[in-house]
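Enquirer: Quick one, what's the 3D model for this:
(one chain, ligands or ions: 2)
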Amino acid sequence: MLMVGLTGGIGAGKSTVTAVLADAGAVIVDADRIAREVVEPGSPGLAMLVAEFGEDILGPDGALDRAALAAKAFVDAERTAALNAITHPLIGERTAELFGSAPADSVVVHDMPLLVEGGMASGYHLVIVVDTPAEMRLRRLVEQRGMPEEDARARMARQATDEARRAVADVLIDNSGDRQTTIDLTNALIELRLNPFEHNLRTGTPVVGDRTVVPFRPEWAGEAERACARLRHVVGEIATRIDHVGPTAVDGLDAPDVIDLQVTVRDAPAVEAALAKLTGAGYVRDRSSEQPLLHWCDPARPLEVSVVAEDDPEHEFALLMAEVIGADPGARAEYSEILGRANREETRRFERTLCEASRRGR
Ligand SMILES: CC(C)(COP(=O)(O)OP(=O)(O)OC[C@H]1O[C@@H](n2cnc3c(N)ncnc32)[C@H](O)[C@@H]1O)[C@@H](O)C(=O)NCCC(=O)NCCS
Ligand SMILES: Nc1ncnc2c1ncn2[C@@H]1O[C@H](COP(=O)(O)OP(=O)(O)OP(=O)(O)O)[C@@H](O)[C@H]1O
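Expert: Ligands and ions are numbered 1, 2, ... in the order given. Take a look at the predicted model:
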(Lines give C-alpha, C1' and ligand atoms only; values in the text may rest on other atoms or scores of the structure.)
(Ligands and ions follow the chains in the order given, each with its own letter.)
Protein backbone atom coordinates (compact mmCIF):
# COMPACT_ATOMS: atom_id res chain seq x y z
CA MET A 1 0.00 0.00 0.00
CA LEU A 2 1.31 3.41 -0.97
CA MET A 3 0.27 6.01 1.60
CA VAL A 4 0.00 9.49 0.15
CA GLY A 5 -0.77 12.63 2.14
CA LEU A 6 -2.56 15.38 0.21
CA THR A 7 -2.93 18.83 1.63
CA GLY A 8 -3.29 22.51 0.79
CA GLY A 9 -4.73 25.62 2.36
CA ILE A 10 -8.48 26.10 2.44
CA GLY A 11 -9.75 26.48 -1.13
CA ALA A 12 -6.49 25.38 -2.76
CA GLY A 13 -8.22 22.82 -4.97
CA LYS A 14 -7.71 19.54 -3.11
CA SER A 15 -11.13 18.34 -4.28
CA THR A 16 -10.13 18.79 -7.93
CA VAL A 17 -6.99 16.71 -7.39
CA THR A 18 -8.68 13.96 -5.32
CA ALA A 19 -11.37 13.57 -7.99
CA VAL A 20 -8.67 12.73 -10.56
CA LEU A 21 -6.93 10.36 -8.12
CA ALA A 22 -10.22 8.59 -7.32
CA ASP A 23 -10.98 8.19 -11.06
CA ALA A 24 -7.59 6.50 -11.45
CA GLY A 25 -8.52 3.98 -8.75
CA ALA A 26 -6.92 5.48 -5.64
CA VAL A 27 -8.68 4.98 -2.30
CA ILE A 28 -9.48 8.42 -0.87
CA VAL A 29 -9.64 8.92 2.89
CA ASP A 30 -11.34 12.31 3.22
CA ALA A 31 -10.64 14.05 6.54
CA ASP A 32 -13.41 16.65 6.11
CA ARG A 33 -15.91 13.85 5.51
CA ILE A 34 -14.75 11.94 8.57
CA ALA A 35 -14.98 15.19 10.56
CA ARG A 36 -18.68 15.27 9.63
CA GLU A 37 -19.26 11.62 10.51
CA VAL A 38 -17.88 11.93 14.03
CA VAL A 39 -20.32 14.71 14.96
CA GLU A 40 -23.49 13.22 13.50
CA PRO A 41 -26.69 13.61 15.56
CA GLY A 42 -26.57 11.35 18.60
CA SER A 43 -22.78 10.93 18.50
CA PRO A 44 -20.54 11.41 21.56
CA GLY A 45 -18.55 13.90 19.45
CA LEU A 46 -21.54 16.17 19.04
CA ALA A 47 -22.32 15.99 22.77
CA MET A 48 -18.74 17.06 23.57
CA LEU A 49 -18.98 20.00 21.16
CA VAL A 50 -22.25 21.16 22.79
CA ALA A 51 -20.63 20.91 26.23
CA GLU A 52 -17.74 23.07 25.02
CA PHE A 53 -19.44 25.60 22.70
CA GLY A 54 -23.06 25.69 23.94
CA GLU A 55 -26.53 24.59 22.79
CA ASP A 56 -26.70 27.30 20.15
CA ILE A 57 -24.39 25.36 17.82
CA LEU A 58 -27.36 23.04 17.22
CA GLY A 59 -30.03 23.69 14.60
CA PRO A 60 -33.75 23.26 15.27
CA ASP A 61 -33.47 19.60 14.15
CA GLY A 62 -30.79 18.87 16.77
CA ALA A 63 -28.04 18.47 14.15
CA LEU A 64 -24.86 20.56 14.17
CA ASP A 65 -25.26 24.05 12.71
CA ARG A 66 -21.85 24.14 11.03
CA ALA A 67 -21.83 27.88 10.33
CA ALA A 68 -22.72 28.59 13.96
CA LEU A 69 -19.84 26.41 15.19
CA ALA A 70 -17.43 27.94 12.67
CA ALA A 71 -18.38 31.43 13.91
CA LYS A 72 -17.45 30.42 17.46
CA ALA A 73 -14.47 28.18 16.73
CA PHE A 74 -12.34 30.25 14.36
CA VAL A 75 -12.32 33.49 16.38
CA ASP A 76 -8.92 32.83 17.94
CA ALA A 77 -6.26 30.16 18.35
CA GLU A 78 -7.52 29.08 21.77
CA ARG A 79 -11.10 28.43 20.55
CA THR A 80 -9.81 26.53 17.49
CA ALA A 81 -7.59 24.43 19.76
CA ALA A 82 -10.67 23.58 21.88
CA LEU A 83 -12.48 22.43 18.73
CA ASN A 84 -9.49 20.40 17.57
CA ALA A 85 -9.03 18.76 20.97
CA ILE A 86 -12.52 17.29 20.67
CA THR A 87 -12.63 16.39 16.99
CA HIS A 88 -9.06 15.33 16.16
CA PRO A 89 -8.81 12.19 18.35
CA LEU A 90 -12.17 10.97 16.98
CA ILE A 91 -11.08 11.73 13.41
CA GLY A 92 -7.76 9.96 14.06
CA GLU A 93 -9.44 6.74 15.20
CA ARG A 94 -11.75 6.54 12.20
CA THR A 95 -8.88 7.41 9.83
CA ALA A 96 -6.79 4.51 11.14
CA GLU A 97 -9.74 2.16 10.57
CA LEU A 98 -10.13 3.28 6.96
CA PHE A 99 -6.39 2.97 6.23
CA GLY A 100 -6.48 -0.50 7.79
CA SER A 101 -9.28 -1.68 5.52
CA ALA A 102 -7.75 -0.50 2.20
CA PRO A 103 -6.50 -3.25 -0.14
CA ALA A 104 -2.79 -4.11 0.06
CA ASP A 105 -2.17 -3.15 -3.57
CA SER A 106 -3.83 0.25 -3.41
CA VAL A 107 -2.68 3.84 -3.52
CA VAL A 108 -4.36 5.39 -0.47
CA VAL A 109 -4.65 9.16 -0.50
CA HIS A 110 -5.30 10.95 2.77
CA ASP A 111 -7.01 14.24 1.86
CA MET A 112 -6.05 16.14 4.97
CA PRO A 113 -6.35 19.94 5.24
CA LEU A 114 -4.43 20.06 8.54
CA LEU A 115 -1.62 17.63 7.69
CA VAL A 116 1.17 20.15 8.32
CA GLU A 117 -0.46 21.58 11.45
CA GLY A 118 -0.66 18.04 12.85
CA GLY A 119 3.03 17.30 12.13
CA MET A 120 2.04 14.23 10.12
CA ALA A 121 4.11 14.63 6.96
CA SER A 122 6.83 12.07 7.69
CA GLY A 123 4.29 9.25 8.17
CA TYR A 124 3.41 9.10 4.45
CA HIS A 125 5.44 7.66 1.61
CA LEU A 126 4.77 10.85 -0.34
CA VAL A 127 3.24 14.25 0.41
CA ILE A 128 1.43 16.24 -2.29
CA VAL A 129 0.64 19.89 -1.68
CA VAL A 130 -1.90 21.71 -3.82
CA ASP A 131 -0.44 25.18 -4.03
CA THR A 132 -2.56 28.22 -4.85
CA PRO A 133 -1.78 31.76 -3.69
CA ALA A 134 -3.85 32.79 -0.66
CA GLU A 135 -5.55 35.75 -2.36
CA MET A 136 -6.66 33.54 -5.25
CA ARG A 137 -7.98 30.91 -2.83
CA LEU A 138 -9.95 33.58 -1.04
CA ARG A 139 -11.46 34.85 -4.29
CA ARG A 140 -12.46 31.36 -5.39
CA LEU A 141 -14.02 30.51 -2.01
CA VAL A 142 -16.07 33.70 -1.96
CA GLU A 143 -17.07 33.82 -5.62
CA GLN A 144 -17.52 30.13 -6.43
CA ARG A 145 -18.36 28.50 -3.12
CA GLY A 146 -20.23 31.46 -1.65
CA MET A 147 -18.23 31.38 1.59
CA PRO A 148 -18.36 34.64 3.56
CA GLU A 149 -14.98 36.40 3.17
CA GLU A 150 -14.61 36.90 6.92
CA ASP A 151 -15.06 33.16 7.54
CA ALA A 152 -12.50 32.22 4.87
CA ARG A 153 -9.97 34.70 6.30
CA ALA A 154 -10.54 33.48 9.85
CA ARG A 155 -9.82 29.86 8.84
CA MET A 156 -6.72 30.83 6.86
CA ALA A 157 -5.41 32.59 9.96
CA ARG A 158 -5.80 29.31 11.89
CA GLN A 159 -3.92 27.28 9.27
CA ALA A 160 -0.24 26.78 8.42
CA THR A 161 1.47 29.23 6.08
CA ASP A 162 2.00 28.38 2.41
CA GLU A 163 5.73 28.31 3.14
CA ALA A 164 5.35 25.68 5.89
CA ARG A 165 3.30 23.52 3.56
CA ARG A 166 5.83 23.84 0.73
CA ALA A 167 8.60 22.66 3.06
CA VAL A 168 6.98 19.23 3.47
CA ALA A 169 5.91 18.84 -0.17
CA ASP A 170 7.50 16.08 -2.20
CA VAL A 171 5.22 17.21 -5.02
CA LEU A 172 3.75 20.67 -5.50
CA ILE A 173 0.72 20.90 -7.75
CA ASP A 174 0.27 24.48 -8.84
CA ASN A 175 -3.49 25.13 -9.13
CA SER A 176 -3.26 28.81 -9.95
CA GLY A 177 -3.92 28.08 -13.63
CA ASP A 178 -6.96 26.51 -15.23
CA ARG A 179 -8.54 23.31 -13.99
CA GLN A 180 -7.44 21.23 -17.00
CA THR A 181 -3.76 21.99 -16.31
CA THR A 182 -4.18 20.66 -12.77
CA ILE A 183 -5.98 17.55 -14.03
CA ASP A 184 -3.17 16.88 -16.54
CA LEU A 185 -0.46 17.39 -13.89
CA THR A 186 -2.25 14.98 -11.57
CA ASN A 187 -2.66 12.31 -14.24
CA ALA A 188 1.03 12.54 -15.14
CA LEU A 189 1.93 12.20 -11.45
CA ILE A 190 -0.18 9.04 -11.13
CA GLU A 191 1.34 7.43 -14.18
CA LEU A 192 4.98 8.42 -13.69
CA ARG A 193 5.31 8.31 -9.92
CA LEU A 194 2.42 6.99 -7.80
CA ASN A 195 1.68 3.77 -9.69
CA PRO A 196 5.32 2.71 -10.15
CA PHE A 197 6.09 3.68 -6.53
CA GLU A 198 3.22 1.47 -5.28
CA HIS A 199 4.39 -1.40 -7.48
CA ASN A 200 8.00 -1.09 -6.30
CA LEU A 201 7.00 -1.02 -2.64
CA ARG A 202 4.72 -4.03 -2.94
CA THR A 203 7.21 -6.13 -4.91
CA GLY A 204 10.37 -5.00 -3.10
CA THR A 205 11.84 -3.47 -6.26
CA PRO A 206 14.53 -0.88 -5.42
CA VAL A 207 15.12 2.28 -7.40
CA VAL A 208 18.84 2.37 -8.05
CA GLY A 209 19.87 5.84 -9.13
CA ASP A 210 21.86 6.76 -12.20
CA ARG A 211 25.44 7.75 -11.27
CA THR A 212 25.86 10.27 -14.09
CA VAL A 213 26.93 13.65 -12.68
CA VAL A 214 24.31 16.38 -13.13
CA PRO A 215 24.50 20.11 -12.30
CA PHE A 216 24.00 20.93 -8.61
CA ARG A 217 20.32 21.13 -7.62
CA PRO A 218 19.32 23.39 -4.73
CA GLU A 219 16.32 21.09 -4.10
CA TRP A 220 18.61 18.33 -2.81
CA ALA A 221 18.81 19.81 0.69
CA GLY A 222 15.02 19.84 1.15
CA GLU A 223 14.62 16.38 -0.39
CA ALA A 224 17.25 15.03 1.98
CA GLU A 225 15.60 16.70 4.95
CA ARG A 226 12.26 15.07 4.15
CA ALA A 227 13.95 11.71 3.60
CA CYS A 228 15.70 12.03 7.00
CA ALA A 229 12.37 12.80 8.69
CA ARG A 230 10.84 9.68 7.11
CA LEU A 231 13.78 7.54 8.22
CA ARG A 232 13.40 8.94 11.73
CA HIS A 233 9.72 8.04 11.65
CA VAL A 234 10.64 4.43 10.77
CA VAL A 235 13.65 3.79 13.02
CA GLY A 236 12.69 6.09 15.91
CA GLU A 237 15.04 6.14 18.88
CA ILE A 238 17.21 3.33 17.50
CA ALA A 239 19.08 6.00 15.54
CA THR A 240 21.33 8.35 17.47
CA ARG A 241 21.50 10.60 14.42
CA ILE A 242 20.45 10.66 10.77
CA ASP A 243 22.39 12.77 8.28
CA HIS A 244 22.50 13.83 4.68
CA VAL A 245 25.97 12.73 3.52
CA GLY A 246 27.81 12.18 0.22
CA PRO A 247 28.24 14.42 -2.81
CA THR A 248 24.71 15.93 -2.82
CA ALA A 249 25.37 17.28 0.70
CA VAL A 250 28.15 19.55 -0.59
CA ASP A 251 26.62 22.93 -1.36
CA GLY A 252 27.07 23.85 -5.03
CA LEU A 253 28.77 20.59 -6.11
CA ASP A 254 27.74 18.88 -9.35
CA ALA A 255 26.95 15.27 -8.40
CA PRO A 256 24.99 12.16 -9.32
CA ASP A 257 21.29 12.66 -8.59
CA VAL A 258 21.27 10.14 -5.75
CA ILE A 259 20.85 11.31 -2.16
CA ASP A 260 23.02 9.51 0.39
CA LEU A 261 21.77 9.29 3.95
CA GLN A 262 23.47 7.84 6.96
CA VAL A 263 21.61 6.33 9.89
CA THR A 264 23.91 6.17 12.92
CA VAL A 265 23.13 3.73 15.73
CA ARG A 266 24.92 2.82 18.94
CA ASP A 267 26.32 -0.65 18.22
CA ALA A 268 26.17 -3.77 16.05
CA PRO A 269 22.88 -5.18 17.50
CA ALA A 270 21.28 -1.79 16.87
CA VAL A 271 22.43 -2.00 13.22
CA GLU A 272 20.41 -5.21 12.90
CA ALA A 273 17.40 -3.67 14.64
CA ALA A 274 17.47 -0.62 12.34
CA LEU A 275 17.81 -2.83 9.25
CA ALA A 276 14.79 -4.87 10.35
CA LYS A 277 12.68 -1.70 10.78
CA LEU A 278 13.80 -0.28 7.45
CA THR A 279 13.19 -3.42 5.41
CA GLY A 280 9.82 -3.78 7.17
CA ALA A 281 8.96 -0.28 5.92
CA GLY A 282 9.87 -1.11 2.32
CA TYR A 283 13.55 -0.10 2.05
CA VAL A 284 15.41 -2.73 0.03
CA ARG A 285 18.80 -4.20 1.06
CA ASP A 286 21.61 -4.00 -1.46
CA ARG A 287 23.34 -7.37 -1.15
CA SER A 288 26.22 -6.29 -3.40
CA SER A 289 27.44 -3.84 -0.77
CA GLU A 290 29.74 -4.87 2.08
CA GLN A 291 28.37 -2.18 4.37
CA PRO A 292 24.63 -2.34 5.22
CA LEU A 293 23.08 -0.30 2.41
CA LEU A 294 19.46 0.12 1.36
CA HIS A 295 17.63 1.69 -1.57
CA TRP A 296 14.22 3.34 -1.61
CA CYS A 297 11.31 2.71 -4.02
CA ASP A 298 10.29 6.19 -5.20
CA PRO A 299 11.01 6.28 -8.95
CA ALA A 300 11.54 10.04 -8.81
CA ARG A 301 13.85 10.15 -5.80
CA PRO A 302 16.69 7.64 -5.59
CA LEU A 303 18.12 7.35 -2.08
CA GLU A 304 20.96 5.30 -0.66
CA VAL A 305 20.70 4.70 3.04
CA SER A 306 23.66 3.32 4.96
CA VAL A 307 23.39 2.11 8.54
CA VAL A 308 26.52 2.41 10.68
CA ALA A 309 27.45 1.96 14.32
CA GLU A 310 29.03 4.89 16.16
CA ASP A 311 32.31 3.07 16.67
CA ASP A 312 32.71 2.33 12.95
CA PRO A 313 35.26 4.78 11.40
CA GLU A 314 33.03 5.01 8.28
CA HIS A 315 30.56 6.92 10.38
CA GLU A 316 32.71 9.89 11.26
CA PHE A 317 34.32 9.96 7.90
CA ALA A 318 31.04 10.33 6.00
CA LEU A 319 30.08 13.21 8.27
CA LEU A 320 33.39 14.94 7.66
CA MET A 321 33.20 14.73 3.87
CA ALA A 322 30.81 17.58 3.09
CA GLU A 323 32.80 19.85 5.37
CA VAL A 324 36.21 18.97 3.93
CA ILE A 325 35.18 19.12 0.26
CA GLY A 326 33.16 22.29 0.81
CA ALA A 327 36.21 24.07 2.24
CA ASP A 328 38.80 23.01 -0.37
CA PRO A 329 38.23 24.19 -3.99
CA GLY A 330 41.04 21.99 -5.36
CA ALA A 331 39.65 18.85 -3.75
CA ARG A 332 36.21 19.82 -4.95
CA ALA A 333 37.28 19.93 -8.61
CA GLU A 334 39.07 16.61 -8.31
CA TYR A 335 36.09 15.05 -6.55
CA SER A 336 33.73 16.18 -9.34
CA GLU A 337 36.00 14.56 -11.89
CA ILE A 338 36.14 11.27 -9.96
CA LEU A 339 32.38 11.27 -9.47
CA GLY A 340 32.04 11.65 -13.24
CA ARG A 341 33.83 8.32 -13.69
CA ALA A 342 31.13 6.65 -11.57
CA ASN A 343 33.53 4.20 -9.98
CA ARG A 344 32.38 3.58 -6.42
CA GLU A 345 35.69 2.10 -5.24
CA GLU A 346 37.75 4.95 -6.64
CA THR A 347 35.37 7.49 -5.13
CA ARG A 348 35.58 5.87 -1.71
CA ARG A 349 39.38 5.78 -1.84
CA PHE A 350 39.53 9.47 -2.69
CA GLU A 351 37.08 10.36 0.10
CA ARG A 352 39.01 8.36 2.64
CA THR A 353 42.39 9.83 1.71
CA LEU A 354 41.00 13.32 1.87
CA CYS A 355 39.37 12.86 5.25
CA GLU A 356 42.43 11.21 6.72
CA ALA A 357 44.61 14.11 5.49
CA SER A 358 42.20 16.58 7.00
CA ARG A 359 42.13 14.72 10.31
CA ARG A 360 45.93 14.70 10.48
CA GLY A 361 45.96 18.43 9.70
CA ARG A 362 43.79 19.26 12.71
C1 LIG B 1 -16.21 23.97 12.29
C2 LIG B 1 -16.87 23.11 11.23
C3 LIG B 1 -18.12 22.44 11.76
C4 LIG B 1 -17.26 24.04 10.04
O5 LIG B 1 -17.86 23.26 9.02
P6 LIG B 1 -17.91 23.69 7.47
O7 LIG B 1 -18.92 22.80 6.80
O8 LIG B 1 -18.09 25.17 7.37
O9 LIG B 1 -16.46 23.39 6.94
P10 LIG B 1 -15.78 21.98 6.51
O11 LIG B 1 -15.80 21.00 7.60
O12 LIG B 1 -16.34 21.54 5.19
O13 LIG B 1 -14.26 22.44 6.32
C14 LIG B 1 -13.88 23.28 5.21
C15 LIG B 1 -12.44 23.70 5.38
O16 LIG B 1 -12.27 24.52 6.56
C17 LIG B 1 -10.96 24.32 7.08
N18 LIG B 1 -11.04 23.86 8.51
C19 LIG B 1 -11.96 23.03 9.09
N20 LIG B 1 -11.69 22.80 10.38
C21 LIG B 1 -10.55 23.49 10.63
C22 LIG B 1 -9.74 23.65 11.79
N23 LIG B 1 -10.06 23.04 12.92
N24 LIG B 1 -8.64 24.45 11.69
C25 LIG B 1 -8.33 25.08 10.54
N26 LIG B 1 -9.04 24.95 9.40
C27 LIG B 1 -10.14 24.18 9.46
C28 LIG B 1 -10.32 23.23 6.18
O29 LIG B 1 -9.57 23.83 5.17
C30 LIG B 1 -11.51 22.53 5.58
O31 LIG B 1 -11.22 21.91 4.38
C32 LIG B 1 -15.92 22.01 10.68
O33 LIG B 1 -14.90 22.58 9.91
C34 LIG B 1 -15.27 21.14 11.78
O35 LIG B 1 -15.91 20.34 12.39
N36 LIG B 1 -13.95 21.32 11.98
C37 LIG B 1 -13.23 20.59 12.98
C38 LIG B 1 -12.66 19.32 12.41
C39 LIG B 1 -11.42 19.56 11.61
O40 LIG B 1 -10.37 19.88 12.16
N41 LIG B 1 -11.51 19.43 10.27
C42 LIG B 1 -10.40 19.65 9.41
C43 LIG B 1 -9.87 18.39 8.81
S44 LIG B 1 -9.23 17.23 9.99
N1 LIG C 1 -8.02 25.75 -11.27
C2 LIG C 1 -9.16 26.31 -10.87
N3 LIG C 1 -9.68 27.38 -11.51
C4 LIG C 1 -10.80 27.98 -11.06
N5 LIG C 1 -11.47 27.58 -9.95
C6 LIG C 1 -11.00 26.55 -9.26
C7 LIG C 1 -9.83 25.84 -9.67
N8 LIG C 1 -9.60 24.82 -8.77
C9 LIG C 1 -10.59 24.90 -7.85
N10 LIG C 1 -11.44 25.92 -8.13
C11 LIG C 1 -12.60 26.35 -7.34
O12 LIG C 1 -12.08 26.92 -6.14
C13 LIG C 1 -12.89 26.54 -5.02
C14 LIG C 1 -12.02 25.79 -4.01
O15 LIG C 1 -11.59 24.55 -4.57
P16 LIG C 1 -11.79 23.15 -3.81
O17 LIG C 1 -13.14 23.08 -3.21
O18 LIG C 1 -11.37 22.07 -4.74
O19 LIG C 1 -10.69 23.38 -2.70
P20 LIG C 1 -10.33 22.46 -1.47
O21 LIG C 1 -8.87 22.57 -1.32
O22 LIG C 1 -10.91 21.12 -1.65
O23 LIG C 1 -11.07 23.26 -0.32
P24 LIG C 1 -11.26 22.88 1.25
O25 LIG C 1 -10.07 23.41 1.96
O26 LIG C 1 -12.51 23.62 1.64
O27 LIG C 1 -11.41 21.40 1.36
C28 LIG C 1 -14.03 25.70 -5.55
O29 LIG C 1 -15.18 26.51 -5.74
C30 LIG C 1 -13.48 25.20 -6.88
O31 LIG C 1 -14.52 24.94 -7.80
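Enquirer: E314 contacts V308, correct?
Expert: Yes: contact criterion C-beta atoms under 8 Å: E314 and V308 qualify, at 5.3 Å. All C-beta atoms are positioned from the backbone trio N, CA, C, and that covers glycine.
Enquirer: What's the local residue count around S306?
Expert: S306 has 21 neighbours, counted by other C-beta atoms under 10 Å.
Enquirer: ugh, typo on my part, it should be L192
Expert: Here the number of neighbours of L192 (other C-beta under 10 Å) works out to 12.
Enquirer: Give me the pLDDT for it.
Expert: We have a pLDDT of 98 for L192.
Enquirer: pretty sure it is touching A300, no?
Expert: Yes: if you go by C-beta under 8 Å, L192 and A300 touch, sitting 7.4 Å apart.
Enquirer: which residues in the stretch 1-150 of the chain form strands?
Expert: Ranges of strands within the stretch 1-150 of the chain are 2-7, 27-30, 107-111, 126-131, based on DSSP state E, counting those that start in this stretch.
Enquirer: residues in contact with the residue nearest to R79 when sequence neighbours are not counted?
Expert: Once flanking residues are discounted, R79 sits nearest to A73: 5.3 Å by C-beta to C-beta, 6 or more residues apart in numbering. Contact analysis of A73 by C-beta atoms under 8 Å, 6 or more residues apart in numbering lists F53, R79, T80, A82, L83.
Enquirer: Test my guess that the third one contacts L69.
Expert: Spelled out, it's T80. No: using C-beta under 8 Å as the test, T80 is too far from L69 to be in contact (11.1 Å).
Enquirer: and the residue nearest to L46 when sequence neighbours are not counted, how many neighbours does it have?
Expert: Ranked by C-beta to C-beta, 6+ apart and with sequence neighbours excluded, the top spatial neighbour of L46 is V39, at 4.6 Å. For V39, the neighbour count with other C-beta under 10 Å is 23.
Enquirer: For V39, give me the pLDDT.
Expert: 98.
Enquirer: Against ligand 1, how distant is the residue nearest to R79?
Expert: Taking C-beta to the nearest ligand atom, to the nearest Å as the measure, A73 and ligand 1 are separated by 5 Å.
Enquirer: tell me how far stretch 84-91 is from the chain's mean position?
Expert: 22 Å (C-alpha atoms, centre = their mean, to the nearest Å).
Enquirer: Just say helix, strand or coil for the residue in the stretch 201-350 of the chain that ligand 1 sits nearest to.
Expert: Nearest to ligand 1 in the stretch 201-350 of the chain, going by C-beta to the nearest ligand atom, is H233, at a distance of 19.9 Å. Assigned with DSSP: H, G, I helix; E, B strand; the rest coil, H233 falls in the helix class.
Enquirer: That one: neighbour count?
Expert: Neighbour tally, H233, other C-beta under 10 Å: 14.
Enquirer: State the distance from the closest residue to L320 other than its chain neighbours to G361.
Expert: For L320, ignoring the flanking residues on the chain, the nearest one in space by C-beta to C-beta, 6+ apart is C355 at 4.9 Å. Relative to G361, C355 is positioned 11 Å away (C-beta to C-beta, to the nearest Å).
Enquirer: and what of C228?
Expert: 29 Å.
Enquirer: Who has more neighbours out of these two?
Expert: C228 (21 against 7).
Enquirer: so the more buried one makes contact with I259?
Expert: No: with contact defined as C-beta under 8 Å, C228 and I259 do not form a contacting pair (9.6 Å).
Enquirer: which neighbours do those two share?
Expert: H244.
Enquirer: ranges for the helices of the stretch 51-200 of the chain?
Expert: Per DSSP state H, counting those that start in this stretch, the stretch 51-200 of the chain carries helices over the ranges 66-73, 77-100, 134-145, 149-157, 162-168, 179-189, 195-203.
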